[in-house]
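**Q** Can you look at this prediction? I've put the sequence above it.
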Amino acid sequence: MKQDKTVFPADSYRQTVIEPIFNIFKQHFYQEMMAINYAHAIMLNEAAIISRDEASALLRGLKKIESEINLTELKYSGEFEDLFFYLEKQLVAELGIAIAGKLHTGRSRNDMSITIYKMKVKDLLQSFLEKLIGLTETLLQIAEENRATVIIAYTHGQPAMPTTYGHYLAALIEVLLRDLERLLAAYRTTDKCSMGAAAITTSGFDLNRERVAELLGFEAVQENSYGCIAAVDYLGQVYSALKILFINLGRFIQDLGQLTGFDLAHLYVPNEFVQISSIMPQKRNPVPVEHLRVMSSITVGYCDTVLNSLHNTPFTDMNDSEDSLQMVGFKAFTEAEKVLHLITALLRGLEVNQDRIKKHIDRSFVTITELAETLVRKEGISFRQAHQLSSKLVKSLSGKNQKLSELKYGSFVDLFSEIIGREPELTEEELKTSLRPEYFVRIRNVYGGPGPDALQQALNRYYAELRQNKATVQATNNFRFQAGKKLQEIVNTYLG
(Lines give C-alpha, C1' and ligand atoms only; values in the text may rest on other atoms or scores of the structure.)
Protein backbone atom coordinates (compact mmCIF):
# COMPACT_ATOMS: atom_id res chain seq x y z
CA MET A 1 0.00 0.00 0.00
CA LYS A 2 1.46 3.34 -1.06
CA GLN A 3 1.89 6.14 1.48
CA ASP A 4 -0.47 9.11 1.06
CA LYS A 5 2.08 11.80 0.20
CA THR A 6 -0.34 14.56 1.22
CA VAL A 7 -0.54 13.43 4.86
CA PHE A 8 1.80 14.94 7.43
CA PRO A 9 4.25 13.71 8.54
CA ALA A 10 6.10 11.74 5.89
CA ASP A 11 7.37 8.44 7.28
CA SER A 12 11.02 9.47 7.06
CA TYR A 13 10.32 12.77 8.83
CA ARG A 14 8.26 11.06 11.49
CA GLN A 15 10.93 8.44 12.20
CA THR A 16 13.92 10.79 12.28
CA VAL A 17 12.47 13.99 13.76
CA ILE A 18 8.84 14.20 14.90
CA GLU A 19 8.56 10.99 16.92
CA PRO A 20 11.98 11.36 18.63
CA ILE A 21 11.13 14.95 19.58
CA PHE A 22 7.75 13.83 20.94
CA ASN A 23 9.53 11.28 23.12
CA ILE A 24 12.17 13.81 24.21
CA PHE A 25 9.49 16.24 25.39
CA LYS A 26 7.55 13.47 27.07
CA GLN A 27 10.61 12.26 28.98
CA HIS A 28 12.42 15.50 29.77
CA PHE A 29 10.17 18.56 29.43
CA TYR A 30 6.64 17.55 30.45
CA GLN A 31 6.78 19.01 33.99
CA GLU A 32 8.14 22.31 32.72
CA MET A 33 5.44 22.52 30.04
CA MET A 34 2.70 21.92 32.61
CA ALA A 35 4.17 24.54 34.96
CA ILE A 36 4.05 27.08 32.13
CA ASN A 37 0.43 26.15 31.44
CA TYR A 38 -0.51 26.77 35.08
CA ALA A 39 1.45 30.02 35.39
CA HIS A 40 0.15 31.41 32.09
CA ALA A 41 -3.49 30.67 32.97
CA ILE A 42 -3.12 32.43 36.34
CA MET A 43 -1.49 35.45 34.72
CA LEU A 44 -4.23 35.71 32.07
CA ASN A 45 -6.84 35.96 34.81
CA GLU A 46 -4.83 38.39 36.95
CA ALA A 47 -4.35 40.58 33.87
CA ALA A 48 -8.15 40.50 33.24
CA ILE A 49 -7.67 38.79 29.87
CA ILE A 50 -9.79 35.81 30.94
CA SER A 51 -12.27 35.51 33.80
CA ARG A 52 -11.68 33.84 37.14
CA ASP A 53 -14.13 31.07 36.22
CA GLU A 54 -12.35 30.48 32.93
CA ALA A 55 -8.98 30.30 34.66
CA SER A 56 -10.37 27.89 37.26
CA ALA A 57 -11.78 25.69 34.53
CA LEU A 58 -8.46 25.67 32.68
CA LEU A 59 -6.52 24.77 35.83
CA ARG A 60 -9.03 22.08 36.74
CA GLY A 61 -8.76 20.59 33.26
CA LEU A 62 -4.98 20.67 33.37
CA LYS A 63 -4.96 18.97 36.76
CA LYS A 64 -7.25 16.23 35.52
CA ILE A 65 -5.06 15.60 32.47
CA GLU A 66 -1.99 15.51 34.69
CA SER A 67 -3.58 12.98 37.04
CA GLU A 68 -4.76 10.72 34.25
CA ILE A 69 -1.91 10.81 31.75
CA ASN A 70 0.45 7.84 31.65
CA LEU A 71 3.64 9.13 30.06
CA THR A 72 5.25 5.70 29.99
CA GLU A 73 2.49 4.24 27.85
CA LEU A 74 1.93 7.38 25.77
CA LYS A 75 3.10 6.64 22.22
CA TYR A 76 3.38 8.93 19.24
CA SER A 77 0.45 8.21 16.94
CA GLY A 78 1.02 10.70 14.13
CA GLU A 79 -2.28 12.41 14.92
CA PHE A 80 -0.53 15.33 16.63
CA GLU A 81 2.63 17.12 15.62
CA ASP A 82 4.07 17.23 19.13
CA LEU A 83 3.31 16.94 22.84
CA PHE A 84 2.02 20.52 22.98
CA PHE A 85 -0.75 19.80 20.49
CA TYR A 86 -1.51 16.48 22.17
CA LEU A 87 -2.06 18.18 25.54
CA GLU A 88 -4.06 20.98 23.93
CA LYS A 89 -6.32 18.42 22.26
CA GLN A 90 -6.83 16.65 25.59
CA LEU A 91 -7.79 19.96 27.19
CA VAL A 92 -10.24 20.72 24.38
CA ALA A 93 -11.80 17.29 24.83
CA GLU A 94 -12.18 18.00 28.55
CA LEU A 95 -13.44 21.61 28.45
CA GLY A 96 -14.47 22.38 24.89
CA ILE A 97 -12.62 24.68 22.54
CA ALA A 98 -14.41 27.82 23.77
CA ILE A 99 -12.65 27.54 27.15
CA ALA A 100 -9.62 25.38 26.37
CA GLY A 101 -8.73 27.56 23.38
CA LYS A 102 -8.17 30.56 25.66
CA LEU A 103 -5.08 29.07 27.33
CA HIS A 104 -2.91 29.86 24.32
CA THR A 105 -3.85 33.54 24.34
CA GLY A 106 -0.77 35.74 23.96
CA ARG A 107 1.78 32.94 23.76
CA SER A 108 3.47 30.69 21.20
CA ARG A 109 5.30 27.40 21.16
CA ASN A 110 8.37 29.57 20.55
CA ASP A 111 8.42 31.38 23.89
CA MET A 112 7.20 28.24 25.64
CA SER A 113 9.98 26.07 24.22
CA ILE A 114 12.79 28.49 25.00
CA THR A 115 11.46 28.95 28.54
CA ILE A 116 11.17 25.18 29.00
CA TYR A 117 14.79 24.72 27.89
CA LYS A 118 15.98 27.44 30.25
CA MET A 119 14.11 25.85 33.16
CA LYS A 120 15.75 22.50 32.44
CA VAL A 121 19.23 23.95 31.99
CA LYS A 122 18.84 25.77 35.31
CA ASP A 123 18.01 22.42 36.93
CA LEU A 124 21.17 20.89 35.46
CA LEU A 125 23.30 23.85 36.53
CA GLN A 126 21.84 23.81 40.03
CA SER A 127 22.70 20.14 40.56
CA PHE A 128 26.13 20.50 38.99
CA LEU A 129 27.07 23.62 40.97
CA GLU A 130 26.30 21.83 44.22
CA LYS A 131 28.62 18.97 43.25
CA LEU A 132 31.36 21.35 42.10
CA ILE A 133 31.14 23.11 45.46
CA GLY A 134 31.47 19.68 47.11
CA LEU A 135 34.66 18.94 45.14
CA THR A 136 36.10 22.34 46.01
CA GLU A 137 35.32 21.82 49.71
CA THR A 138 37.12 18.47 49.58
CA LEU A 139 40.16 20.05 47.94
CA LEU A 140 40.22 22.79 50.58
CA GLN A 141 40.15 20.22 53.38
CA ILE A 142 43.01 18.23 51.81
CA ALA A 143 45.02 21.40 51.14
CA GLU A 144 44.51 22.49 54.77
CA GLU A 145 45.75 19.12 56.02
CA ASN A 146 48.79 19.27 53.70
CA ARG A 147 49.92 22.88 54.13
CA ALA A 148 53.40 21.68 55.13
CA THR A 149 53.59 18.42 53.11
CA VAL A 150 56.54 18.99 50.80
CA ILE A 151 56.29 17.87 47.18
CA ILE A 152 58.15 18.74 43.97
CA ALA A 153 56.70 21.30 41.58
CA TYR A 154 57.36 20.51 37.92
CA THR A 155 57.80 22.81 34.93
CA HIS A 156 58.13 21.51 31.36
CA GLY A 157 57.88 17.98 32.75
CA GLN A 158 61.06 18.41 34.83
CA PRO A 159 61.51 18.85 38.61
CA ALA A 160 61.72 22.57 39.35
CA MET A 161 61.30 23.60 42.99
CA PRO A 162 59.90 22.29 46.26
CA THR A 163 56.41 23.39 47.22
CA THR A 164 53.69 21.80 49.32
CA TYR A 165 50.81 19.57 48.34
CA GLY A 166 48.52 22.18 49.90
CA HIS A 167 49.98 24.93 47.73
CA TYR A 168 49.66 22.79 44.61
CA LEU A 169 46.02 21.97 45.34
CA ALA A 170 45.35 25.62 46.18
CA ALA A 171 46.26 26.49 42.59
CA LEU A 172 43.50 24.16 41.39
CA ILE A 173 41.09 25.51 44.00
CA GLU A 174 41.67 29.03 42.72
CA VAL A 175 40.89 27.89 39.17
CA LEU A 176 37.75 26.03 40.27
CA LEU A 177 36.52 29.12 42.10
CA ARG A 178 36.84 31.05 38.84
CA ASP A 179 35.01 28.22 37.10
CA LEU A 180 32.25 28.53 39.70
CA GLU A 181 31.98 32.24 38.91
CA ARG A 182 31.75 31.50 35.19
CA LEU A 183 29.00 28.95 35.74
CA LEU A 184 27.11 31.27 38.09
CA ALA A 185 27.32 34.00 35.45
CA ALA A 186 25.94 31.50 32.91
CA TYR A 187 23.14 30.68 35.34
CA ARG A 188 22.26 34.38 35.67
CA THR A 189 22.05 34.67 31.88
CA THR A 190 19.82 31.59 31.69
CA ASP A 191 17.68 32.88 34.57
CA LYS A 192 15.81 35.35 32.33
CA CYS A 193 12.33 34.25 31.29
CA SER A 194 11.28 34.34 27.62
CA MET A 195 7.53 33.92 28.25
CA GLY A 196 5.48 36.75 26.79
CA ALA A 197 7.65 37.10 23.72
CA ALA A 198 5.12 34.88 21.93
CA ALA A 199 6.37 34.02 18.42
CA ILE A 200 8.97 36.80 18.47
CA THR A 201 7.26 40.25 18.85
CA THR A 202 4.98 39.77 21.92
CA SER A 203 1.25 40.23 21.30
CA GLY A 204 -1.53 42.82 21.47
CA PHE A 205 -2.65 41.53 24.88
CA ASP A 206 -1.57 43.33 28.03
CA LEU A 207 0.47 40.44 29.44
CA ASN A 208 2.25 40.57 32.78
CA ARG A 209 5.54 38.96 31.82
CA GLU A 210 7.08 39.59 35.23
CA ARG A 211 4.33 37.62 36.94
CA VAL A 212 4.87 34.54 34.78
CA ALA A 213 8.62 34.75 35.38
CA GLU A 214 8.03 34.96 39.12
CA LEU A 215 5.70 31.95 39.17
CA LEU A 216 8.17 29.88 37.14
CA GLY A 217 11.11 30.67 39.42
CA PHE A 218 12.96 33.14 37.19
CA GLU A 219 14.73 36.10 38.75
CA ALA A 220 13.95 38.37 35.79
CA VAL A 221 12.39 38.71 32.37
CA GLN A 222 14.54 38.78 29.26
CA GLU A 223 13.55 42.14 27.85
CA ASN A 224 13.77 42.17 24.06
CA SER A 225 11.14 39.83 22.65
CA TYR A 226 13.10 39.17 19.47
CA GLY A 227 16.15 38.21 21.53
CA CYS A 228 13.98 36.02 23.78
CA ILE A 229 13.48 33.73 20.81
CA ALA A 230 16.55 34.34 18.64
CA ALA A 231 19.38 34.69 21.16
CA VAL A 232 21.10 31.47 22.18
CA ASP A 233 23.97 33.03 24.10
CA TYR A 234 22.65 31.39 27.27
CA LEU A 235 23.58 28.03 25.75
CA GLY A 236 26.88 29.39 24.48
CA GLN A 237 27.74 30.72 27.91
CA VAL A 238 26.70 27.57 29.80
CA TYR A 239 28.62 25.14 27.61
CA SER A 240 31.63 27.43 27.19
CA ALA A 241 31.91 27.67 30.99
CA LEU A 242 31.48 23.90 31.33
CA LYS A 243 34.09 23.27 28.64
CA ILE A 244 36.62 25.60 30.30
CA LEU A 245 36.07 23.84 33.62
CA PHE A 246 36.82 20.43 32.12
CA ILE A 247 39.84 21.69 30.25
CA ASN A 248 41.14 22.92 33.62
CA LEU A 249 40.18 19.76 35.46
CA GLY A 250 41.52 17.58 32.64
CA ARG A 251 44.97 19.11 33.01
CA PHE A 252 44.97 18.29 36.73
CA ILE A 253 43.83 14.74 35.94
CA GLN A 254 46.71 14.45 33.50
CA ASP A 255 49.03 15.38 36.40
CA LEU A 256 47.46 12.64 38.50
CA GLY A 257 48.40 10.13 35.83
CA GLN A 258 52.06 11.18 36.12
CA LEU A 259 52.14 11.52 39.90
CA THR A 260 50.57 8.11 40.54
CA GLY A 261 52.69 6.27 37.96
CA PHE A 262 55.49 3.90 38.93
CA ASP A 263 58.37 6.14 37.81
CA LEU A 264 57.34 9.03 40.07
CA ALA A 265 54.93 7.44 42.55
CA HIS A 266 54.62 10.70 44.47
CA LEU A 267 50.96 9.91 45.15
CA TYR A 268 49.83 6.50 46.39
CA VAL A 269 46.48 5.20 45.13
CA PRO A 270 44.61 3.07 47.70
CA ASN A 271 43.61 -0.46 46.77
CA GLU A 272 39.92 0.35 46.35
CA PHE A 273 40.84 2.42 43.28
CA VAL A 274 43.34 -0.06 41.80
CA GLN A 275 42.63 -2.75 39.21
CA ILE A 276 44.92 -5.75 38.77
CA SER A 277 46.19 -7.31 35.57
CA SER A 278 44.66 -10.52 34.27
CA ILE A 279 48.16 -11.94 33.65
CA MET A 280 50.72 -9.87 35.58
CA PRO A 281 50.41 -10.45 39.35
CA GLN A 282 52.49 -7.39 40.30
CA LYS A 283 50.44 -4.76 38.45
CA ARG A 284 48.61 -1.98 40.34
CA ASN A 285 46.71 -0.05 37.68
CA PRO A 286 45.20 3.25 38.86
CA VAL A 287 42.72 3.12 35.99
CA PRO A 288 40.17 5.51 37.58
CA VAL A 289 42.57 8.27 36.51
CA GLU A 290 42.27 7.12 32.91
CA HIS A 291 38.47 7.01 33.17
CA LEU A 292 38.48 10.51 34.63
CA ARG A 293 40.58 11.70 31.71
CA VAL A 294 38.37 10.18 29.02
CA MET A 295 35.12 11.25 30.72
CA SER A 296 36.46 14.79 30.90
CA SER A 297 37.31 14.63 27.20
CA ILE A 298 33.84 13.33 26.40
CA THR A 299 32.33 16.21 28.37
CA VAL A 300 34.41 18.70 26.39
CA GLY A 301 33.33 16.94 23.19
CA TYR A 302 29.65 17.29 24.01
CA CYS A 303 30.18 20.95 24.87
CA ASP A 304 31.93 21.46 21.54
CA THR A 305 29.00 19.84 19.73
CA VAL A 306 26.62 22.36 21.30
CA LEU A 307 28.87 25.32 20.57
CA ASN A 308 29.69 24.24 17.02
CA SER A 309 26.02 23.64 16.24
CA LEU A 310 25.21 27.21 17.26
CA HIS A 311 27.87 28.63 14.96
CA ASN A 312 26.77 30.41 11.80
CA THR A 313 23.03 29.90 12.41
CA PRO A 314 20.45 32.62 11.62
CA PHE A 315 19.57 35.15 14.31
CA THR A 316 15.91 34.14 14.55
CA ASP A 317 13.72 31.25 15.66
CA MET A 318 15.41 28.02 14.59
CA ASN A 319 15.50 24.34 15.47
CA ASP A 320 19.30 24.18 15.60
CA SER A 321 19.32 25.13 19.29
CA GLU A 322 16.29 23.11 20.31
CA ASP A 323 15.33 19.57 21.22
CA SER A 324 18.14 17.43 19.74
CA LEU A 325 20.88 19.86 20.71
CA GLN A 326 19.47 20.27 24.22
CA MET A 327 19.86 16.52 24.64
CA VAL A 328 23.54 16.72 23.68
CA GLY A 329 23.96 19.32 26.41
CA PHE A 330 22.24 17.04 28.90
CA LYS A 331 24.79 14.33 28.06
CA ALA A 332 27.59 16.81 28.80
CA PHE A 333 26.18 17.36 32.28
CA THR A 334 25.72 13.62 32.84
CA GLU A 335 29.38 12.93 32.06
CA ALA A 336 30.49 16.00 34.02
CA GLU A 337 28.72 14.88 37.19
CA LYS A 338 30.29 11.42 36.90
CA VAL A 339 33.75 13.03 36.80
CA LEU A 340 33.05 15.16 39.88
CA HIS A 341 31.69 12.18 41.81
CA LEU A 342 34.69 9.96 41.04
CA ILE A 343 37.46 12.53 41.42
CA THR A 344 36.09 13.75 44.76
CA ALA A 345 36.22 10.21 46.14
CA LEU A 346 39.65 9.49 44.62
CA LEU A 347 41.23 12.64 46.03
CA ARG A 348 40.11 11.71 49.54
CA GLY A 349 41.98 8.40 49.21
CA LEU A 350 45.28 9.60 47.70
CA GLU A 351 48.34 9.71 49.98
CA VAL A 352 51.55 11.66 49.48
CA ASN A 353 54.61 9.35 49.32
CA GLN A 354 56.98 11.59 51.28
CA ASP A 355 59.90 9.14 51.37
CA ARG A 356 59.89 8.90 47.58
CA ILE A 357 59.68 12.66 47.22
CA LYS A 358 62.61 13.25 49.58
CA LYS A 359 64.80 10.96 47.49
CA HIS A 360 63.79 12.75 44.30
CA ILE A 361 64.45 16.15 45.86
CA ASP A 362 67.97 15.07 46.76
CA ARG A 363 68.64 13.66 43.30
CA SER A 364 67.08 16.54 41.35
CA PHE A 365 68.81 19.50 43.14
CA VAL A 366 65.48 21.40 43.26
CA THR A 367 66.48 23.41 46.34
CA ILE A 368 69.55 24.95 44.69
CA THR A 369 67.69 28.15 43.74
CA GLU A 370 67.43 29.01 47.43
CA LEU A 371 71.20 28.68 47.80
CA ALA A 372 71.57 31.29 45.07
CA GLU A 373 69.10 33.62 46.80
CA THR A 374 70.74 33.05 50.19
CA LEU A 375 74.10 34.05 48.70
CA VAL A 376 72.59 37.27 47.37
CA ARG A 377 71.24 38.15 50.82
CA LYS A 378 74.23 36.94 52.86
CA GLU A 379 77.16 37.77 50.59
CA GLY A 380 75.85 40.87 48.80
CA ILE A 381 76.68 39.48 45.36
CA SER A 382 74.40 39.78 42.32
CA PHE A 383 71.84 37.11 41.58
CA ARG A 384 73.56 36.34 38.27
CA GLN A 385 76.82 35.63 40.11
CA ALA A 386 74.99 33.46 42.65
CA HIS A 387 73.14 31.66 39.86
CA GLN A 388 76.40 30.95 38.04
CA LEU A 389 78.01 29.57 41.19
CA SER A 390 75.03 27.36 42.09
CA SER A 391 74.83 26.07 38.53
CA LYS A 392 78.49 25.02 38.61
CA LEU A 393 77.93 23.22 41.91
CA VAL A 394 75.09 21.20 40.35
CA LYS A 395 77.17 20.36 37.27
CA SER A 396 80.05 19.26 39.45
CA LEU A 397 77.87 16.99 41.58
CA SER A 398 76.05 15.59 38.56
CA GLY A 399 79.33 14.85 36.85
CA LYS A 400 80.38 12.75 39.83
CA ASN A 401 76.91 11.12 40.03
CA GLN A 402 76.46 12.64 43.49
CA LYS A 403 73.33 13.93 45.21
CA LEU A 404 72.86 17.37 46.70
CA SER A 405 73.18 15.97 50.22
CA GLU A 406 76.74 14.90 49.30
CA LEU A 407 77.89 18.47 48.68
CA LYS A 408 80.98 19.19 50.76
CA TYR A 409 81.35 22.58 52.39
CA GLY A 410 84.97 22.76 51.25
CA SER A 411 83.93 22.31 47.60
CA PHE A 412 81.48 25.18 47.99
CA VAL A 413 84.13 27.42 49.58
CA ASP A 414 86.64 26.65 46.81
CA LEU A 415 84.15 27.45 44.04
CA PHE A 416 82.93 30.60 45.77
CA SER A 417 86.51 31.85 46.18
CA GLU A 418 87.28 31.06 42.53
CA ILE A 419 84.26 32.99 41.19
CA ILE A 420 83.91 35.83 43.71
CA GLY A 421 87.59 36.29 44.62
CA ARG A 422 87.20 35.90 48.36
CA GLU A 423 86.06 33.35 50.92
CA PRO A 424 82.32 33.20 51.74
CA GLU A 425 80.78 34.41 54.98
CA LEU A 426 78.16 31.66 54.71
CA THR A 427 78.77 29.00 57.34
CA GLU A 428 78.52 25.27 56.80
CA GLU A 429 75.31 25.11 58.84
CA GLU A 430 73.80 27.99 56.85
CA LEU A 431 74.70 26.19 53.64
CA LYS A 432 72.90 23.05 54.81
CA THR A 433 69.86 25.08 55.91
CA SER A 434 69.60 26.82 52.53
CA LEU A 435 69.41 23.43 50.81
CA ARG A 436 66.63 21.97 52.99
CA PRO A 437 63.25 21.77 51.19
CA GLU A 438 61.33 22.72 54.35
CA TYR A 439 63.38 25.93 54.61
CA PHE A 440 62.88 26.59 50.89
CA VAL A 441 59.11 26.53 51.41
CA ARG A 442 59.05 28.27 54.77
CA ILE A 443 60.70 31.50 53.65
CA ARG A 444 58.54 31.87 50.53
CA ASN A 445 55.87 33.84 52.33
CA VAL A 446 55.28 36.34 49.56
CA TYR A 447 51.57 36.79 48.73
CA GLY A 448 50.47 33.66 46.89
CA GLY A 449 53.52 31.61 47.83
CA PRO A 450 53.74 28.22 49.59
CA GLY A 451 55.06 29.67 52.88
CA PRO A 452 52.86 28.86 55.88
CA ASP A 453 51.46 32.35 56.44
CA ALA A 454 50.90 33.14 52.77
CA LEU A 455 49.24 29.79 52.12
CA GLN A 456 47.01 29.97 55.17
CA GLN A 457 45.85 33.45 54.20
CA ALA A 458 45.08 32.19 50.71
CA LEU A 459 43.12 29.20 52.00
CA ASN A 460 41.14 31.51 54.31
CA ARG A 461 40.21 33.66 51.32
CA TYR A 462 39.22 30.61 49.30
CA TYR A 463 37.03 29.35 52.16
CA ALA A 464 35.31 32.73 52.34
CA GLU A 465 34.74 32.89 48.59
CA LEU A 466 33.40 29.34 48.51
CA ARG A 467 31.02 30.07 51.41
CA GLN A 468 29.70 33.06 49.49
CA ASN A 469 29.21 31.01 46.31
CA LYS A 470 27.58 28.21 48.30
CA ALA A 471 25.16 30.70 49.87
CA THR A 472 24.33 32.05 46.39
CA VAL A 473 23.57 28.57 45.06
CA GLN A 474 21.47 27.71 48.12
CA ALA A 475 19.56 30.99 47.84
CA THR A 476 18.88 30.31 44.18
CA ASN A 477 17.68 26.81 44.96
CA ASN A 478 15.42 28.12 47.72
CA PHE A 479 14.04 30.84 45.44
CA ARG A 480 13.04 28.29 42.82
CA PHE A 481 11.60 25.93 45.44
CA GLN A 482 9.50 28.73 46.91
CA ALA A 483 8.32 29.76 43.44
CA GLY A 484 7.15 26.21 42.71
CA LYS A 485 5.43 26.04 46.09
CA LYS A 486 3.74 29.39 45.50
CA LEU A 487 2.52 28.35 42.06
CA GLN A 488 0.94 25.22 43.49
CA GLU A 489 -0.71 27.18 46.30
CA ILE A 490 -2.23 29.64 43.84
CA VAL A 491 -3.47 26.80 41.63
CA ASN A 492 -5.12 25.29 44.71
CA THR A 493 -6.93 28.54 45.49
CA TYR A 494 -8.38 28.53 41.98
CA LEU A 495 -9.45 24.93 42.44
CA GLY A 496 -11.06 25.72 45.79
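**A** Received it, and whenever you're ready, just let me know what you need. If you're wondering where the values come from, they're calculated on a predicted model, not measured in any experiment.
**Q** per-residue pLDDT, residue 18?
**A** Each residue has a pLDDT score; the one for residue 18 is 89.
**Q** gap between residue 481 and residue 488?
**A** 11 Å (C-beta to C-beta, to the nearest Å). No exception for glycine: its C-beta is placed from N, CA and C like everyone else's.
**Q** quick one: low-confidence ranges for the chain?
**A** Within the chain, the segments meeting pLDDT under 70 span 1-6.
**Q** Would you mind splitting it into its domains for me?
**A** Structural domains annotated on the chain: 11-105, 109-147+159-205+221-353+456-483, 368-435, as defined by automatic domain parsing.
**Q** Quote the end-to-end distance of the first one.
**A** Distance between the two ends of domain 11-105: 32 Å, counting by C-alpha to C-alpha, to the nearest Å.
**Q** Could you tell me how far it lies from the centre of the chain?
**A** 34 Å (C-alpha atoms, centre = their mean, to the nearest Å).
**Q** do the same with the longest one
**A** Centroid separation for domain 109-147+159-205+221-353+456-483 versus its chain: 1 Å, with C-alpha atoms, centre = their mean.
**Q** what sits up against stretch 339-347?
**A** When contacts are taken as C-beta atoms under 8 Å, 6 or more residues apart in numbering, the neighbours of stretch 339-347 outside the stretch itself are 128, 131-132, 134-135, 138-139, 142, 246, 249, 253, 256, 269, 273, 288-289, 291-292, 295-296, 299.
**Q** Buried members of these into ChimeraX, please.
**A** In ChimeraX, selecting the buried portion of the contacts of stretch 339-347, with burial taken from 16 or more other C-beta atoms under 10 Å, looks like this:
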select :128,132,135,138,139,142,246,249,253,256,269,273,288,289,292,295,296,299
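**Q** Buried residues, the helix or strand residue 415 falls within. List them.
**A** With elements delineated by DSSP states H and E, residue 415 resides in helix 409-420, which encompasses its position. Using 16+ other C-beta under 10 Å as the burial criterion, the residues of helix 409-420 that qualify are 412, 415-416, 420.
**Q** Spell out the residue ranges of the strands in the stretch 1-150 of the chain.
**A** All strands of the stretch 1-150 of the chain, identified by DSSP state E, counting those that start in this stretch, fall at 150-155.
**Q** Same question for the stretch 301-450 of the chain.
**A** 351-352.
**Q** Which parts of it are helices?
**A** 323-349, 354-364, 368-379, 383-399, 409-420, 428-434, 437-442 (DSSP state H, counting those that start in this stretch).
**Q** Tell me which of these approaches residue 158 most closely.
**A** Distance to residue 158, taken as C-beta to C-beta, is lowest for helix 354-364 among the helices of the stretch 301-450 of the chain, at 8.2 Å.
**Q** So which residues make contact with the closest one?
**A** Contacts of helix 354-364 from elsewhere in the structure, counted by C-beta under 8 Å, 6+ apart, are 149-152, 159, 162, 264-266, 367, 403-405, 437.
**Q** ok, now stretch 132-144?
**A** Residues contacting stretch 132-144 (C-beta under 8 Å, 6+ apart): 165-167, 169-170, 172-173, 176-177, 179-180, 183, 245, 340, 343-344, 347-348, 459, 462-463, 466, 469-470, 473.
**Q** Please tell me how far stretch 203-222 is from the chain's geometric centre.
**A** Here stretch 203-222 shows a centroid-to-chain-centroid distance of 29 Å under the convention C-alpha atoms, centre = their mean.
**Q** Flag every buried residue along that stretch.
**A** For stretch 203-222, the neighbour count (16+ other C-beta under 10 Å) marks 203, 207-209, 211-218, 221-222 as buried.
**Q** just stretch 393-412 next, same as before
**A** Neighbour count says stretch 393-412 has 393, 397, 404, 407, 412 buried, by 16+ other C-beta under 10 Å.
**Q** How about residues contacting stretch 107-119?
**A** Among residues not part of stretch 107-119, those counted as contacts by C-beta under 8 Å, 6+ apart are 29, 32-33, 35-36, 40, 82, 84, 190-200, 203, 216-218, 228-229, 234, 317, 322, 326.
**Q** How about stretch 257-266, which residues are buried there?
**A** Buried residues in stretch 257-266, defined by neighbour count with 16+ other C-beta under 10 Å: 259-260, 264, 266.
**Q** Can you give me the end-to-end span of that stretch?
**A** One end of stretch 257-266 to the other measures 11 Å (C-alpha to C-alpha).
**Q** any residues touching that stretch, and which ones?
**A** Looking at what lies outside stretch 257-266 - C-beta under 8 Å, 6+ apart - the contacts are 151-152, 267-269, 286, 289-290, 293, 350, 352-353, 356-357, 360.
**Q** any idea how far residue 197 is from the residue nearest to residue 322 when sequence neighbours are not counted?
**A** For residue 322, the nearest residue in space outside its immediate sequence neighbours is residue 113; the separation is 6.3 Å by C-beta to C-beta, 6 or more residues apart in numbering. Taking C-beta to C-beta as the criterion, residue 113 is separated from residue 197 by 11 Å.
**Q** Also residue 342?
**A** Remark: distance between residue 342 and residue 197 (C-beta to C-beta) = 41 Å.
**Q** returning to that earlier point: nearest to residue 428 among the contacts of helix 354-364?
**A** Scanning the contacts of helix 354-364 for proximity to residue 428, where the rule is C-beta to C-beta, the winner is residue 405, at 13.5 Å.
**Q** tell me the contacts of that closest one?
**A** Applying C-beta under 8 Å, 6+ apart to residue 405 gives the contacts 362, 435.
**Q** and the buried residues of stretch 203-222 as a markdown table, adding secondary structure?
**A** Formatted as a markdown table, the buried residues of stretch 203-222 follow (DSSP: H, G, I helix; E, B strand; the rest coil):
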| residue | secondary structure |
| --- | --- |
| 203 | coil |
| 207 | coil |
| 208 | coil |
| 209 | helix |
| 211 | helix |
| 212 | helix |
| 213 | helix |
| 214 | helix |
| 215 | helix |
| 216 | coil |
| 217 | coil |
| 218 | coil |
| 221 | strand |
| 222 | coil |
